[in-house]
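> mind looking at a prediction? Sequence and model below.
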Amino acid sequence: MKRDYEINEKNEINEKFSFSFVSFFFVCFVFLFMSSIPAAQVNTIDTLITGGLVVTMDPQRQVYNNGFVAIQGERIVDAGDMTRLKANNYRAKRTIDARNKIILPGLINTHTHIPMTLFRGIADDLDLQEWLTKYIFPAEAKNVSRDFVIAGTRLGLIEMIRGGTTTYVDMYYFESAVAEETKRAGLRGVLGETVIDFPAPDNKTWEEATAYTETFLKKWKGDPLITPAIAPHAPYTVSAAHLNEARAVAEKYDVPLLIHLAEAPTETEFMEKNYGLRSVPYLEKLGFLSPRLIAAHVVHVNEQEIAILKQRDVGIAHCPQSNMKLSSGTSPVPAMLRSGLRVGLGTDGAVSNNDLSMWEEMDTAAKLHKLTSMNPKVVTAREGLEMATIGGARAIHMEQEIGSIEKAKRADIILVDLGAPHLTPMYNLYSHLVYSTKASDVTDMIVNGRLLMRNRRVLTLDEEPIKFTARQFQQKVTRSLKGSH
């Protein structure tokens, strides 16, 4: 019995050894086989926005009802329908759930004076020349300093971030300070130092102004967020010689030119009386019109002048609310759009609007031109949204970088919450965005890949101290103007 037990025990050991040996080789075989299969590539990215309604504003105007946007560094690396998201195997450092939200390219404000938020409501219900000469210019002379500009810029930046504006075009004084604050807050700006033929708050002579501007241009040229520019105020406030000099500076540094153009009937009268030409033909004669020019307002132009602006590839900043409020007239935007001109929307400064909401500009632009043309089909809701996004990018000649959600473009993106009563229900996407959406519906903002606002909380600026400082400047401005009028 003992011998049989020993034999059985040896057989069991041999069987266990054989099973273990076979198992070992099986595991090795599986491991080698699996190793030979290429592993799915993991694409590591910074930010992934998922589950939203993506309105790309790309050339095909593609819309993804359940879409995603992938961001790496400063740029968009992918966008599309959620059904193909898994195949790309993205691993994101940050994921933003955009369900029940619209994902849009950031809005572009093509004309404003951001520090003038501190003059909001200082003088209303006046014509342009009285408003400028009796109120705005005196208020600026008595109050505008570098500290004033910083405070007003910060206030305006918060308003724009909250409202979904990711890029803006500015004309003002102490523009290097505007650039510093804009860069710190994370917005994109085409920022023009204003030069004018009388003493300004920052520079008292033309020579000082051009020297300041050249220093400003050298400092900011090539920055990923700030595009510096030179901004001669208007044809009637800057001499022909100085306009030519400003143009030469812009050409020397290869930067944009900004100007107010054909804004009001009083400008046209002045130009015809003093130069024998209307504003556009006058600038054409000087050789001032070019693709580097962004012209604000452009209200009083005829078909021939529109053709000249088109030929010179000038960008147009249409400011419907400011034009209406100052009774400057109605810009012939339908004709401009038909001609293929580069037309964007601008708010102008908060002193003549009186806010920086691009949503209101879209709504107003569409309705104003329907009224004045007595044609409900002109400036459609889609065209309104285009002017605030890709059209604005075209107006400032940056359509290769911003204005739409496309692969390799800058990651300038906003999210709009669809949960509000005024956004319920939705039938037509474009009319919903242009006629119903408010600035307060924007929940999130990314500029150049950086998150600036999350769930309505601005991440790069401290709002309460900024508003406190603004109220202090209000008291100073009020005291300065007592007894002036």
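Good, I have the coordinates.

> out of everything not next to it in sequence, what's closest to the residue nearest the centre of the chain?
Nearest to the geometric centre of the chain sits residue 167, at 2.3 Å (Cα atoms, centre = their mean). What sits nearest to residue 167 in space, not counting adjacent residues and going by Cβ to Cβ, 6 or more residues apart in numbering, is residue 188, at 4.1 Å. Glycine gets a C-beta too; all of them are placed from N, C-alpha and C.

> now swap in residue 431 and tell me
Nearest residue to residue 431, sequence neighbours excluded (Cβ to Cβ, 6+ apart): residue 381, at 4.3 Å.

> near the one you found, how many other residues are there?
19 (other Cβ atoms under 10 Å).

> tell me how far it lies from residue 429.
The gap separating residue 381 from residue 429 is 9 Å, by Cβ to Cβ, to the nearest Å.

> please apply the same query to residue 421.
For residue 421 relative to residue 429 (Cβ to Cβ), the value is 18 Å.

> kindly report the same for residue 157.
The value you get for residue 157 to residue 429, if Cβ to Cβ is used, is 29 Å.

> of those two, who's got more company?
A direct count of neighbours by other Cβ under 10 Å for residue 157 and residue 429 places residue 157 higher, at 28 against 16.

> give me the element the more buried one is part of.
Take DSSP states H and E as the rule and residue 157 turns out to sit in helix 146-163.

> would you list the phi and psi of the residue nearest to residue 167?
phi -100, psi 140 (degrees, to the nearest 10).

> that one: how many residues sit nearby?
If we define neighbours as other Cβ under 10 Å, then residue 188 has 25 of them.

> same check on the one 3 residues further on?
Taking other Cβ under 10 Å as the criterion, the count of residues near residue 191 is 28.

> and it, bridged to which residues?
According to DSSP bridges, the partner residues bridging residue 191 are residue 170, residue 228.

> do you know the pLDDT at it?
With respect to pLDDT, residue 191 scores 98.

> and what of residue 136?
Predicted confidence (pLDDT) for residue 136: 88.

> offset the numbering so it begins at 38, please.
Sure, I'll start counting at 38 from here, so that last one is residue 173.

> quick one: it and residue 156 touch, right?
Yes - with contact defined as Cβ atoms under 8 Å, residue 173 counts as touching residue 156 (7.1 Å).

> which of those two has more residues huddled nearby?
Neighbour totals were compared for residue 173 and residue 156, and residue 156 leads with 25 against 21 (other Cβ under 10 Å).

> any idea how far the more buried one lies from residue 172?
From residue 156 to residue 172 the distance is 9 Å (Cβ to Cβ).

> just for the stretch 238-387 of the chain, where's the confidence low?
Applying pLDDT under 70 to the stretch 238-387 of the chain flags no residue at all.

> helix, strand or coil: sort out residue 338 for me.
Look at residue 338: counting by DSSP: H, G, I helix; E, B strand; the rest coil, its state is coil.

> now do the contacts for it.
Neighbouring residues of residue 338 by Cβ atoms under 8 Å, 6 or more residues apart in numbering: 299, 317, 346, 368-369.

> and residue 481, by the same measure?
133, 451-452, 488, 490-492.

> now, of the residues you listed, which are buried?
133, 451-452, 488, 490 (16 or more other Cβ atoms under 10 Å).

> which stretches in the stretch 238-387 of the chain count as helices?
Secondary structure of the stretch 238-387 of the chain by DSSP state H, counting those that start in this stretch: the helices cover 243-257, 277-290, 302-312, 316-323, 340-348, 357-362, 370-376.

> can you lay out those as a markdown table showing mean neighbour count and distance to residue 98?
Output for the helices of the stretch 238-387 of the chain, formatted as a markdown table (neighbours: other Cβ atoms under 10 Å; distance: least, Cβ to Cβ, whole Å):
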| stretch | mean neighbour count | distance to residue 98 |
| --- | --- | --- |
| helix 243-257 | 18 | 34 |
| helix 277-290 | 17 | 33 |
| helix 302-312 | 16 | 37 |
| helix 316-323 | 20 | 32 |
| helix 340-348 | 16 | 23 |
| helix 357-362 | 22 | 23 |
| helix 370-376 | 18 | 16 |
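
> and the helix holding residue 194, how far out from the chain middle?
Offset of helix 183-200 from its chain centre (Cα atoms, centre = their mean, to the nearest Å): 15 Å.

> go on, stretch 492-509?
On Cα atoms, centre = their mean, the centre of stretch 492-509 falls 20 Å from that of its chain.

> ok so residue 81 is a strand residue?
Yes - according to three-state DSSP, residue 81 belongs to a strand.

> count the neighbours of it for me.
Residue 81 has 10 neighbours, counted by other Cβ under 10 Å.

> okay then, goodbye and thanks.
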